[in-house]
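**Student:** Provide a 3D model corresponding to the input given below.
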Amino acid sequence: MSQNNNLLFNLHRYSHRQDENFITESFVHLLIHLIASEPTIGITLLNKLSSNKLRWDEKEANKIRIQTQIKTDEGIPDIEIQSIDKDKLMYIEVKVESDFSHNQIKRYKNILKKSDCAKTHLTVLTRYPYTESSESEMPNSSFRWYHVVDWLDKLVEDIDNDVSHFIINQFVNFLKMKGIAMEKVSWELVNGLKSFNNLIDMIGKAITTNKYKIDQRHGSRDWRGYYIDSRRYTVGVYFADLHFIQIDCQLKTKKTNCKFGDIDGEWCNYLDLESGDVHFFALSKESQLKCLVKFIKESVEYGNTLIY
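**Tutor:** Purely as a prediction, here's the structure:
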């Protein structure tokens, strides 16, 4: 499916700094729809998420309440799924790139233990393998997003409703476009890596063209780019959003209405390579470089006005 035809992917462009919250809300929207409109499928999915321990029944479909970001004394679980009669309660903690906070699983297990519900369950749903081994930090179930995609790919085969088909396919393809689902390695790998490395090299050239010092070329499990200007800024690409080039100020910035960019913690700005205003991939090599030079120059100059 083309990215331009995926509603979630297009909406995500405007909220990509709230990545986990966006994916959480999208997933809950899907769950609520399936339980209401495709109860057999919806209940099957809930049972998979709870490793069949809570034994949800299709007859309970109209008695299930799903909420997000419920505040408790021990934190804010991402997803709460509860039967109205308080017989069952499940928390799902969602992770894409961020790590678990200190004793997060232990705290959520304590909340469930103190609840009035007869049956409780804690599931973590992550992009990367859950590696915590201490007993107190072990959830009841641990799944990765590709498991959800695999389940939905099979379950959708039993659905005739066009609306349900659309909602499932939009969510599944969104995760695939984000690189969160596990897919077959295709022949595009080699050329894709070459193009990515070319982009990183071109960003480096744009930095030096602007006469900013490159302090370090850096890469992590989710990002590749540069520390520049005495480490006052980073410029690079997050693997989860390859069509965005992002520049982040590493110093404390004023909380103000920005002329451009975004303040979520500290100031940042980003260039959408797929934007109709940019047409980056259709440009010549020389024009692409000019585009990056302009973006970095304008971003650093404006960011400097916001630094305390």
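**Student:** Just checking, which helix or strand of this structure averages the lowest pLDDT?
**Tutor:** helix 7-12 (a mean of 62; mean pLDDT, DSSP states H and E).
**Student:** which outside residues touch the following helix or strand past it?
**Tutor:** Note on helix 7-12: by DSSP states H and E, the next helix or strand toward the C-terminus is helix 19-37. Identification of contacts with helix 19-37 by Cβ atoms under 8 Å, 6 or more residues apart in numbering yields 8, 11-12, 15-16, 41-43, 45-46, 61-62, 64, 66, 68-69, 78-79, 81, 94-98, 148, 161, 163-164, 167-168, 171, 174-175, 178, 180, 240. The way it works is simple: take the backbone N, C-alpha and C, and place the C-beta from them, glycine included.
**Student:** and those residues, which are buried?
**Tutor:** The neighbour count (16 or more other Cβ atoms under 10 Å) marks 8, 12, 16, 41-43, 45-46, 61, 64, 66, 68, 78-79, 81, 94-97, 148, 164, 167-168, 171, 174-175, 178, 180, 240 as buried among the contacts of helix 19-37.
**Student:** hmm, back to that, sort out for me which of the contacts of helix 19-37 are in helices.
**Tutor:** 8, 11-12, 41-43, 45-46, 148, 163-164, 167-168, 171, 174-175 (DSSP state H).
**Student:** quick one: the strands in the protein?
**Tutor:** For the chain, applying DSSP state E gives strands covering 64-68, 79-83, 88-94, 119-126, 141-144, 214-219, 223-228, 233-238, 244-249, 262-264, 266-272.
**Student:** mind putting those in TSV, distance to residue 292 and mean pLDDT included?
**Tutor:** Formatted as TSV, those follow (distance: least, Cβ to Cβ, whole Å; pLDDT from 0 to 100):
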stretch	distance to residue 292	mean pLDDT
strand 64-68	37	94
strand 79-83	39	94
strand 88-94	33	94
strand 119-126	33	94
strand 141-144	34	94
strand 214-219	14	91
strand 223-228	12	94
strand 233-238	9	94
strand 244-249	7	93
strand 262-264	19	72
strand 266-272	8	89
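**Student:** Nearest approach to residue 303 belongs to which of those?
**Tutor:** Residue 303 lies closest to strand 244-249 among these, at 4.7 Å (Cβ to Cβ).
**Student:** Paired strands for the closest one, with orientation please.
**Tutor:** Paired neighbours of strand 244-249 in the sheet (DSSP bridges): strand 233-238 (antiparallel), strand 266-272 (antiparallel).
**Student:** Give me the contact list for the longest one.
**Tutor:** It refers to strand 266-272. Taking Cβ under 8 Å, 6+ apart as the rule, strand 266-272 contacts 13, 17, 243-253, 258, 260-262, 278, 280, 291-292, 295, 299, 302-303, 306.
**Student:** Out of those, which end up buried?
**Tutor:** 243-250, 253, 258, 261, 278, 280, 291-292, 295, 299, 302-303, 306.
**Student:** In helices, which of those fall?
**Tutor:** If you go by DSSP H, the buried ones among the contacts of strand 266-272 have 291, 292, 295, 299, 302, 303, 306 in helices.
**Student:** Now do the phi/psi pair for the residue lying farthest from the centre of the chain.
**Tutor:** When each C-alpha in the chain is compared with the mean C-alpha position (Cα atoms, centre = their mean), residue 211 comes out farthest, at 34.0 Å. Backbone torsions of residue 211, given as degrees, to the nearest 10, read phi 60, psi 30.
**Student:** so where's the stretch 151-300 of the chain shaky on pLDDT?
**Tutor:** Flagging of the stretch 151-300 of the chain using pLDDT under 70 yields the residue ranges 182-186, 189, 264-265.
**Student:** Contacts only, for the nearest residue to residue 81 once chain neighbours are set aside.
**Tutor:** Of all residues beyond its chain neighbours, the one nearest residue 81 is residue 90 (4.5 Å), with distances taken as Cβ to Cβ, 6 or more residues apart in numbering. Contact analysis of residue 90 by Cβ under 8 Å, 6+ apart lists 46, 49, 50, 54, 80, 81, 82, 120, 121, 122, 123.
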